[in-house]
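>>> fold the stuff below for me.
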Amino acid sequence: MKIIRLATFLDFGGVERRLEIISHICDEHEWVFCAINKGGTAEDYIRKQGKRVVCFRLSYKIPSILTLYKLYKFYKKEKPDVVHTSGAEANFHGVLAAKLAGVPVVVSEEIGIPSQGRMAKRIFSFIYALSDYVVGNSEPVIKYLQKENGVTSKKTVRIPNPMLFKPVSLRIENEDDVFRIVSVSRLEPVKNLESVLRVVAQLISEGFTIQYTIVGDGSHISELKALASSLGLEEKVVFAGYQNNPLPYLQAADLYVLTSFTEGFSNSLAEAMYSGTPSLSTKVGAAEEIISDSKNGWLVQPDDDSDLKQKIKTIIGIGKEERNQIGQIGKQTITENYSLEKHAGLLMQVYQK
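Prediction:
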């Protein structure tokens, strides 16, 4: 069976990280990873796993007739058994081209909770109607697809993101009294890292000794640096930039924090929990499916500085030993439920129907 996975980019980001992990699947099938536009970090990574990669460097703006035509010609030439698209632009162009080319199984995938206007909802309702199956990585995404895009329950399939369980060294135990917080994230408005900065400033003003490290890059970096400066946090906040391996930052932290307004399935949350780092998330996307509050991590309301502040104060107060125990329970949650093998098995149930 030949399987084509199509994304908008193969550079860096949540979709790209998922495809990097999937590229580790070793089976009898032929996997081809494609990007409508540019490649980059993920492209290089996937090639190193011995998989074929094609980056078309075409326009991804909806609609692009040229992109549709090029994908159609590619599918006709390759004759794949399955085309699986991920993300809005890839779903739009990839599904239409695949149906025109007569691909036997066409799977589209919504990667999060989208912000769709009335026209976009109509367009993607049509795209999903053409798809044989529509994948969502969490129950909130599935519910959105069914309610807002009219996708039937028979067609929607929940497949959580996979994790690659590499050996993890022991966590770094800091001897000083600094409480270290880390976020690993794209620096975009939807991630709401401003909330963490404001709360850190408030906690410091109350006498807590805190260092906050932000690992990642994105369009919102200038605004975040400006806010950190205005709050007087220049010496308390580290902007570490994009890191191909964020594990050392996670293992040096006392707490990982995710404060997104919306999410589908957060790869960085799953990776933080797998590292054994005690983790806190807003109640968005799959977080409520993964975390049982105060048992294997912590949950707070989205866009609520007061709730976030109080929860972090509680976490600091319970002490290092209990925090680390909760972190280890979180790691067990991830290893038992989000393996690549389990993910691949769910994919094959869809691809072979």
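
>>> please count neighbours and contacts with C-alpha atoms only from this point.
Fine.

>>> okay, domains of the protein per the record?
2-162+338-351, 179-337 (automatic domain parsing).

>>> save the ones you listed as CSV, and put in mean pLDDT too.
Below are the domains of the chain laid out as CSV (pLDDT from 0 to 100):
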stretch, mean pLDDT
domain 2-162+338-351, 96
domain 179-337, 95
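
>>> make JSON lines out of those and add mean neighbour count.
Shown next, in JSON lines, are these (neighbours: other C-alpha atoms under 10 Å):
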{"stretch": "domain 2-162+338-351", "mean neighbour count": "19"}
{"stretch": "domain 179-337", "mean neighbour count": "19"}
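
>>> nearest to Arg171 among these would be which one?
domain 179-337 (4.9 Å; C-alpha to C-alpha).

>>> endpoints of that closest one, how far apart?
The first and final residues of domain 179-337 sit 30 Å from each other (C-alpha to C-alpha, to the nearest Å).

>>> ok but Val15 is inside a helix, no?
Yes. Under DSSP: H, G, I helix; E, B strand; the rest coil, Val15 sits within a helix.

>>> distance of it from Gln211?
30 Å.

>>> ramachandran coordinates for Ile159?
phi -130, psi 100 (degrees, to the nearest 10).

>>> where's the residue lying closest to it once chain neighbours are set aside relative to Lys320, distance?
Residue nearest to Ile159 in three dimensions, not counting chain neighbours: Asn137, with 5.0 Å by C-alpha to C-alpha, 6 or more residues apart in numbering. Taking C-alpha to C-alpha as the measure, Asn137 and Lys320 are separated by 33 Å.

>>> now do the contacts for the residue nearest to Ile159.
Asn137 makes contacts with 110-112, 158-161, 264-265, 286, as judged by C-alpha atoms under 8 Å, 6 or more residues apart in numbering.

>>> Val168: which of the domains of the chain is closest?
Nearest of these (C-alpha to C-alpha): domain 179-337, 6.5 Å.

>>> which secondary structure element contains Val83?
strand 82-86 (DSSP states H and E).

>>> next structured bit after that strand?
Sequence order places helix 88-101 as the next helix or strand after strand 82-86, per DSSP H and E.

>>> what's in contact with that following helix?
By C-alpha under 8 Å, 6+ apart, helix 88-101 touches 6-8, 36, 60-64, 67-69, 71-73, 75-76, 83, 85, 106-110, 124, 127, 130-131.

>>> got it, and stretch 273-282?
Residues outside stretch 273-282 that contact it (C-alpha under 8 Å, 6+ apart): 165, 168, 171, 247, 250-251, 253-261, 269, 272, 287, 296-302, 323-324, 326-328, 330-332, 334-335.

>>> narrow these to those in helices?
Using DSSP state H, the members of the contacts of stretch 273-282 that fall in helices are 247, 250-251, 269, 272, 287, 323-324, 326-328, 330-332, 334-335.

>>> just these now: which is nearest Ser306?
Ala287 (19.6 Å).

>>> what's the separation between the closest one and Ser268?
11 Å.

>>> quick one, phi psi at the most far-flung residue of the chain relative to its centre?
For the chain, the largest distance from the centre (C-alpha atoms, centre = their mean) belongs to Gly207, which lies 34.3 Å off. Per-residue torsions, Gly207: phi 100, psi 0 (degrees, to the nearest 10).

>>> and Asn296, what does it touch?
For Asn296, the contact set (C-alpha under 8 Å, 6+ apart) comprises 278, 326-330, 333.

>>> of the residues you listed, which is the nearest to Arg47?
Looking across the contacts of Asn296 and measuring by C-alpha to C-alpha, the closest to Arg47 is Thr333, at 30.5 Å.

>>> the closest one touches Ile290, doesn't it?
Yes. Using C-alpha atoms under 8 Å, Thr333 is in contact with Ile290, at 7.3 Å.

>>> ok so Cys34 is a strand residue?
Yes. Checked against three-state DSSP, Cys34 lies within a strand.

>>> doesn't Ile46 make contact with Glu20?
Yes. The pair Glu20 / Ile46 is scored as a contact, 5.6 Å apart, by C-alpha under 8 Å.

>>> spell out, range by range, the strands that occur in the stretch 101-250 of the chain.
In the stretch 101-250 of the chain, the segments counted as strands under DSSP state E, counting those that start in this stretch are 105-110, 133-136, 156-158, 179-184, 210-215, 237-241.
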